[in-house]
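Asks: Here is the input, now give the coordinates:
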Amino acid sequence: MNESTLTGPDAGADQSTVNARVNTARPTVNTDPGAVNTAADPAALWAAAQCEALPDTFPEYGDAAWQELPPADPGRWAAVLAAAEAWRRHMARERWLATLDDDAWQRETTREAADALRRMRLSLRPTRAERAALARPLAPHRLRATAGWPPVAVPGKPGCYLIHEPAPEAA
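Replies: Numbering: from 1, shown residues only. Take a look at the predicted model:
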């Protein structure tokens with residue numbers, strides 16, 4: 001089997017992920033260089049051609065909505081075709097993974113988790129705009145002493161402190 005048919009967006013996806021993607025969009029020839037090479041994959045081309053005559057959306061194979069469809073409903077066939085294509089891609093990836101050495105297998109099977117972790121770490125970093133907003137000086141404000149806190153040292157005036165004085169009670 002050609003290795004290019006074993007890598008791509010659906011190569012490592014689980015059955016439900018692929019079904020959800022297939023259920024909402026028809027398979028098409030993908031021009032993404034990292035995607036499954038459908039030109040070298042006659043089964044993928046056949047599945048894409050079959051989907052042209054089928055409904056755009058359909059229930060997942062085997063679920064309650066699928067079971068309620070009449071036997072001749074095209075949505076039934078579309079779900080079966082989507083499940084078969086997802087299983088074919090899954091098994092092709094499993095066969096490919098079995099040919100890898102331990103280090104390559106570890107790298108390939110943890111790639112999605114590593115990418116997700118990398119994206120999460122990047123999302124926690126402040127953006128340039130956020131850093132610029134934090135670097136702007138704050139507007140001057142008036143210092144006030146607060147009840148229960150120690151005296152506040154006044155910047156630029158050594159030995160000068162603000163002390164909280166309770167407001168006089170109205171009689």
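Asks: all strands in this protein, in order from the N-terminus.
Replies: Secondary structure of the chain, counting by DSSP state E: strands at 152-153, 161-162.
Asks: what does the last one contact?
Replies: Right, strand 161-162. Outside strand 161-162, the residues within contact range by CB atoms under 8 Å, 6 or more residues apart in numbering are Leu143, Arg144, Ala145, Pro151, Val152, Ala153, Val154. Backbone N, C-alpha and C define where each C-beta goes, glycine included.
Asks: Name every strand pairing with it and say which way it goes.
Replies: Strand 161-162 sits in its sheet next to strand 152-153 (antiparallel), going by DSSP bridges.
Asks: So which of the strands of the chain is the most surrounded?
Replies: strand 152-153 (a mean of 14; mean count of other CB atoms under 10 Å).
Asks: Mind listing residues that contact that strand?
Replies: So strand 152-153 is in contact with Leu143, Arg144, Ala145, Cys160, Tyr161, Leu162, going by CB under 8 Å, 6+ apart.
Asks: pLDDT on it, on average?
Replies: Across strand 152-153, pLDDT averages out at 89.
Asks: same question, stretch 40-47
Replies: Rounded mean pLDDT across stretch 40-47 is 81.
Asks: for the closest residue to Val154 other than its chain neighbours, phi and psi?
Replies: Excluding the flanking residues, the one nearest Val154 by CB to CB, 6 or more residues apart in numbering is Cys160, at 4.3 Å. Main-chain torsions, Cys160, degrees, to the nearest 10: phi -100, psi 130.
Asks: With that, I have no additional questions.
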